[in-house]
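1. The sequence isn't on hand, but the structure is:
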């Protein structure tokens, strides 16, 4: 779509908030970056101390911490105390949505001690970890063993608990599914203080399938066993540029990982990693990766790119160079590849520090990057926070892969935001219907990327300031999010819940399936103890009375209005 065809928006007058946002880099450089770096150093030291402890000692400490949580839960008086939540500060989260529900009176439980890797079991190929273990921490331990989680989310600070209870994806998700799909078991403390272990085939199997996307509203996750895979020292990455219409770019994207003969799970044509970046309505670059040995990478003539060095060109800009230089191949150390988007926070770093991608900044101060999202939120205040909600977009549209052409055209027409990130992932058909589920009867259509047990979806990541805002035009961020949500509901898509949601309660349960979730809320006595997932995800201040009323209404409506069968 040309600029002349786009809807004309009126110019808007600048306010003091615009100037504060423009010069916010001063606060970031002199306050946020030094604090972030210091926090990272202290965290690293703590992690190394933990790694020196034996698995037996870590387990003993874990058991003691579990007892503390159980004791704390049993101290709660339901008639006197508020709903239960963790003691984590509202701004301590990687997502840009502040945790508004904690502004109501609540009963806090401290979970800050649960950040240890409890065991790496090479025989079972399982990592048993606590919920606050993050991706940087786990890859630092496993990659030297030539092991990794099957799905390693890109940003260092993303935690196991957040990726399970919320949403987690990576370039390998077209093979293994979302992060929660790689979990073997959960250890959960229920509302009554009972510790249970949920697996896919034990007496708590319903809880096992209900936990993903539940936002911690069924109980406290204290440990998880997650699938490990064997990896090699390097990732061989191919960068393939493409110019054309959005529909042509979408088909080139599918060509990068789909086996058109229908052998998606067994074909050697399917790469280990896939991602794509659409830079303009007519330009995109498609990256595919396969694991490679050190011997292969170091062969004469092969290019090795250590993208983890602080002075390196930001990864999304490095990928963009393929549009100018043409298709190329290089080898990246595996751990550095996993965390390739950390330093620039995809491309959000360009908004936070407009000159952060310049060579002089990267060389002299790049080692301080990135600023922690939690500290950015802690220093922004209510007015700035509202500004970002209204003039900035951070959303993930999860859509069936065959609808990617339509989704890209919709996003260009309504949001006009670039770059756009794309990553394919499976949505599995389970024996019970979970909060997200494939289109009914998908397996009969044999569409691109689908298998007998999973439908291929794509995460279309919209993370930036829309072009209309950059041009000084008016933009209604709230209305834009509502349009995204409406489009997703109409096309059997889903919205990642770490982001701002404008969904009404009714529309929330039109997008997500409540049947299994609501039954588990009732069965495991979470109602009246933990806030429901809709209201926990909802934007806005919450009083104690509102929380209780909305929680009860959510539960009743979910059971009354939704009649999806649990067993498919």
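-> That came through, no problem. It should be emphasised that the depicted structure is a prediction, and the values quoted were computed from it without experimental measurement.
2. what's residue 35 sitting at in phi/psi?
-> phi -70, psi -40 (degrees, to the nearest 10).
3. Now for it: which residues touch it?
-> 372, 375 (Cβ atoms under 8 Å, 6 or more residues apart in numbering). To be clear about C-beta, it is placed using only N, CA and C from the backbone, and glycine gets the same treatment.
4. got the contact list for the spatially most central residue of the chain?
-> With distances taken as Cα atoms, centre = their mean, residue 168 lies nearest the centre of the chain, 4.1 Å away. For residue 168, the contacting residues are 151, 153, 158, 162, 178, 179, 180, by Cβ under 8 Å, 6+ apart.
5. Please tabulate these in JSON lines, including the columns pLDDT, secondary structure and distance to residue 75.
-> JSON lines is the format used below for the contacts of residue 168 (pLDDT from 0 to 100; DSSP: H, G, I helix; E, B strand; the rest coil; distance: Cβ to Cβ, whole Å):
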{"residue": "151", "pLDDT": "97", "secondary structure": "coil", "distance to residue 75": "37"}
{"residue": "153", "pLDDT": "94", "secondary structure": "coil", "distance to residue 75": "35"}
{"residue": "158", "pLDDT": "94", "secondary structure": "coil", "distance to residue 75": "32"}
{"residue": "162", "pLDDT": "94", "secondary structure": "helix", "distance to residue 75": "26"}
{"residue": "178", "pLDDT": "97", "secondary structure": "coil", "distance to residue 75": "36"}
{"residue": "179", "pLDDT": "98", "secondary structure": "helix", "distance to residue 75": "33"}
{"residue": "180", "pLDDT": "97", "secondary structure": "helix", "distance to residue 75": "31"}
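6. Of the residues you listed, select the buried ones using a ChimeraX command.
-> Those of the contacts of residue 168 that count as buried under 16 or more other Cβ atoms under 10 Å are selected in ChimeraX with:
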select :151,153,158,162,178,179,180
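7. So which other helices or strands are in contact with the helix or strand hosting residue 482?
-> Residue 482 is part of helix 477-490 when elements are defined by DSSP states H and E. Under the contact criterion of 3 or more Cβ pairs under 8 Å, 6 or more residues apart in numbering; DSSP states H and E, helix 477-490 touches helix 381-391, strand 393-400, helix 404-414, strand 494-495, helix 505-511.
8. So what touches that helix?
-> Around helix 477-490, the neighbours that count as contacts under Cβ under 8 Å, 6+ apart are 389-393, 395, 397-399, 407, 410-411, 414-415, 462, 466, 493-495, 500-503, 507, 510-511.
9. Low-confidence regions, the protein specifically.
-> 1-8, 89-105, 539-568 (pLDDT under 70).
10. Doesn't residue 463 belong to a helix?
-> No - counting by DSSP: H, G, I helix; E, B strand; the rest coil, residue 463 is not part of a helix but strand.
11. Show me what it bridges to in the sheet.
-> Taking DSSP bridges, one obtains residue 394 as the residues bridged to residue 463.
12. can you pull the contacts of it?
-> Residue 463 is in contact with 346, 347, 348, 393, 394, 395, 421, counting by Cβ under 8 Å, 6+ apart.
13. Closest to residue 107 out of those?
-> Distances from residue 107 to these, taken as Cβ to Cβ, are shortest for residue 394 (30.2 Å).
14. For stretch 317-337, buried residues please.
-> Neighbour counts over stretch 317-337 (16+ other Cβ under 10 Å) mark 318-320, 322-323, 330-337 as buried.
15. Turn the residues you listed into CSV, including distance to residue 516 and secondary structure.
-> Shown next, in CSV, are these (distance: Cβ to Cβ, whole Å; DSSP: H, G, I helix; E, B strand; the rest coil):
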residue, distance to residue 516, secondary structure
318, 43, helix
319, 39, helix
320, 42, helix
322, 44, helix
323, 45, helix
330, 44, strand
331, 44, strand
332, 40, strand
333, 41, strand
334, 36, helix
335, 36, helix
336, 39, helix
337, 36, helix
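16. Adding distance to residue 187 as columns, could you present those residues in TSV?
-> Converted to TSV, these look like this (distance: Cβ to Cβ, whole Å):
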residue	distance to residue 187
318	40
319	39
320	43
322	44
323	47
330	41
331	39
332	35
333	33
334	29
335	27
336	32
337	31
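17. Widest-spaced pair of those residues?
-> Within the buried residues of stretch 317-337, 323 and 335 form the most distant pair, 27.3 Å apart (Cβ to Cβ).
18. if I look at the closest residue to residue 277 other than its chain neighbours, how far off is residue 393?
-> Excluding the flanking residues, the one nearest residue 277 by Cβ to Cβ, 6 or more residues apart in numbering is residue 419, at 5.0 Å. Distance of residue 419 to residue 393, computed by Cβ to Cβ, to the nearest Å: 12 Å.
19. Same question for residue 140.
-> Separation of residue 140 from residue 393 (Cβ to Cβ): 32 Å.
20. between the buried residues of stretch 317-337, which is closest to residue 248?
-> Taking Cβ to Cβ as the measure, residue 248 lies nearest residue 323 of the buried residues of stretch 317-337, at 14.7 Å.
21. In contact with that closest one, which residues?
-> Applying Cβ under 8 Å, 6+ apart, we find residue 323 in contact with 241, 243, 279, 283, 285.
22. Now for the fourth one: which residues touch it?
-> Spelled out, that is residue 283. Per Cβ under 8 Å, 6+ apart, neighbours of residue 283: 241, 242, 243, 249, 323.
23. What about the first one, how many residues nearby?
-> Using other Cβ atoms under 10 Å as the criterion, residue 241 is surrounded by 20 other residues.
24. and residue 84, what helix or strand is that in?
-> Using DSSP H and E, residue 84 sits within strand 83-86.
25. next structured bit after that strand?
-> Proceeding N to C from strand 83-86, the next assigned helix or strand is strand 106-109, under DSSP H and E.
26. what's across from the closest residue to residue 454 other than its chain neighbours in the sheet?
-> Among residues not flanking residue 454 along the chain, residue 426 sits closest, at 3.9 Å (Cβ to Cβ, 6+ apart). For residue 426, the beta-bridge partners are residue 456 (DSSP bridges).
27. In the helix holding residue 482, which residues are buried?
-> 477, 480, 481, 482, 483, 484, 485, 487, 488, 489.
28. Also stretch 133-152?
-> Buried residues in stretch 133-152, counted by 16+ other Cβ under 10 Å: 133-143, 147-152.
29. Among those, which are located in helices?
-> Mapping the buried residues of stretch 133-152 onto helices (DSSP state H) picks out 135, 136, 137, 138, 139, 140, 141, 142.
30. ok, of the residues you listed, which one's closest to residue 365?
-> Among these, residue 136 lies closest to residue 365 (Cβ to Cβ), at 20.1 Å.
31. any idea how far residue 45 is from the closest residue to that closest one other than its chain neighbours?
-> Residue nearest to residue 136 in three dimensions, not counting chain neighbours: residue 156, with 3.3 Å by Cβ to Cβ, 6+ apart. Distance, residue 156 to residue 45, by Cβ to Cβ: 16 Å.
32. okay, these two: which has more neighbours?
-> A direct count of neighbours by other Cβ under 10 Å for residue 156 and residue 45 places residue 156 higher, at 19 against 10.
33. Helix, strand or coil: sort out that one for me.
-> Per three-state DSSP, residue 156 ends up coil.
34. Correct me if wrong: it contacts residue 340.
-> No - judged on Cβ atoms under 8 Å, residue 156 makes no contact with residue 340 at a distance of 10.9 Å.
35. about what we covered before: okay, the angle between the helix holding residue 482 and helix 404-414?
-> Counting by axes from the mean of the first three to the mean of the last three Cα atoms, to 10 degrees, helix 477-490 lies at 160 degrees to helix 404-414.
36. now the angle between strand 393-400 and helix 477-490, please.
-> When the same axes, to 10 degrees is applied, the directions of helix 477-490 and strand 393-400 differ by 10 degrees.
37. quick one: helix 477-490 to chain centroid distance?
-> Here helix 477-490 is found 19 Å from its chain centre; the criterion is Cα atoms, centre = their mean, to the nearest Å.
38. Please tell me how far residue 262 sits from residue 448.
-> Here residue 262 is placed at a distance of 9 Å from residue 448 (Cβ to Cβ).
39. cool, residue 161 as well?
-> Applying Cβ to Cβ to residue 161 and residue 448 gives a distance of 33 Å.
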